[in-house]
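Colleague: here is a sequence with its predicted model. Questions after.
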Amino acid sequence: MDTSRGTKMNIKVEAYPIGISVIICTYNGAERIVPTLKALKSQELKPEIKLEIILINNRSTDNTVQVAERIWGNFHVPLRIEYEEEPGVSRARRKGIQVANYEYVLFCDDDNHLFPDYLKIMFNHFETHRETKMIGGQGIPMPEVVPPDWFKYYTESYAAAPQGEKSGEAYMLYNAGMAIRKSYFIHLIDLGFQFYLTSRLGKALTSGEDSELCYAFHMAKWGIYYESSMKFYHYIPEGRLNWNYLIRLHKGFSASSIILNQYKAILHSNTYKFKPIRDLLYYSAISLKYYLQYRRAKEGDKIILHYHGWRIIAKDLFMYVVFGKRKAKTLPNMYKKLQNIK
């Protein structure tokens, strides 16, 4: 049926068996994963709730798998080990979703330590709120060493901060601690949805996949919820508690801007227009305007992060305008398809 003429079909998405599949993606995580697994063994779930832990070994060269199997031991909840050859946490997460047995899928990074009631709260919410298709919790920073003074202003950048003033409908959620209904993600992919952005790949701090997934859910009008009582500690090693790492992190955020703005233009067409030439001129001008202030800034000053972001966005917009890169041509058609899902 031609949906472009205004006729709308309600396509119902059939759920997978009810239960929880926790996906842990790891690359050389032997030194991180022990407290993560111990926290999962301490979850306060009713015994009748089905639960599985899926460890995605993303080309580890250390003894991550052996450590995980030793820590898990003969625990009554199954621990499944899956191997993903293609590097990158994005591909590993998708592999986990594909092999998961249950409807409620939770992304638990190998440095996330869930509070004992995390899975219980998540499960109960999904069971009682059919409109919620994605839910996220609150990361709490657990730095390995005493962090720099500026760290407290940037905990959100580390996925270790509240995602709203209180529990309720959310616009964006970060991947850490995020849970989704598997059936809706699979249906999204079956319709032809493709990610233009990725999460971390090797040493590159690429980002944006979580925001892109949230935008896709908004396209389909699937509910996204933030639950502040779902809490986890986010362990942050010493190597990430420095200013250069934060700059690299924000460069990754900025590199996703063009794609995310195209989602924004589709979802909010009445208030926002994606105009690359206009934006190119703006970010080039603002980079010049604040150059001297950037040069005088000291570590911890936000102007440094902003300046690097403006430069990257301006460069990407130039590539877009001149060479036609990152056009995301399929998004308008995908938006039409997603309007028909119940």
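Modeller: On my side now, so go ahead. Residues are numbered from 1 along each chain as shown.

Colleague: buried stuff in stretch 226-235?
Modeller: Residues 226-227, 230-235 are the ones in stretch 226-235 that count as buried (16 or more other Cβ atoms under 10 Å). Every C-beta, even on glycine, is put in place using the N, C-alpha and C of the backbone.

Colleague: where does the prediction get shaky in the stretch 151-300 of the chain?
Modeller: The model of the stretch 151-300 of the chain has pLDDT under 70 over residues 199-206.

Colleague: helices along the stretch 51-200 of the chain, start to end?
Modeller: With DSSP state H, counting those that start in this stretch as the criterion, the stretch 51-200 of the chain has helices at 64-72, 89-99, 118-128, 182-190.

Colleague: ranges for the strands of the stretch 1-150 of the chain?
Modeller: For the stretch 1-150 of the chain, strands defined by DSSP state E, counting those that start in this stretch occupy the ranges 20-26, 51-57, 79-83, 104-107, 112-114, 132-143.

Colleague: list the helices and strands the third one packs on?
Modeller: Of the remaining helices and strands, those touching strand 79-83 by 3 or more Cβ pairs under 8 Å, 6 or more residues apart in numbering; DSSP states H and E are strand 51-57, helix 64-72, helix 89-99.

Colleague: ok, now how distant is Arg181 from Met142?
Modeller: 29 Å (Cβ to Cβ, to the nearest Å).

Colleague: which one's more surrounded, these two?
Modeller: More crowded of Arg181 and Met142, by other Cβ atoms under 10 Å: Arg181, with 21 against 15.

Colleague: surely the more buried one touches Phe126?
Modeller: Yes. Contact criterion Cβ atoms under 8 Å: Arg181 and Phe126 qualify, at 7.0 Å.

Colleague: how is the protein divided into domains?
Modeller: 3-241, 253-338 (automatic domain parsing).

Colleague: buried ones in stretch 180-192?
Modeller: Buried residues in stretch 180-192, counted by 16+ other Cβ under 10 Å: 180-188, 191.

Colleague: from the residues you listed, which single one is nearest Asn74?
Modeller: Ranked by distance to Asn74 (Cβ to Cβ), the buried residues of stretch 180-192 are led by Lys182 at 27.4 Å.
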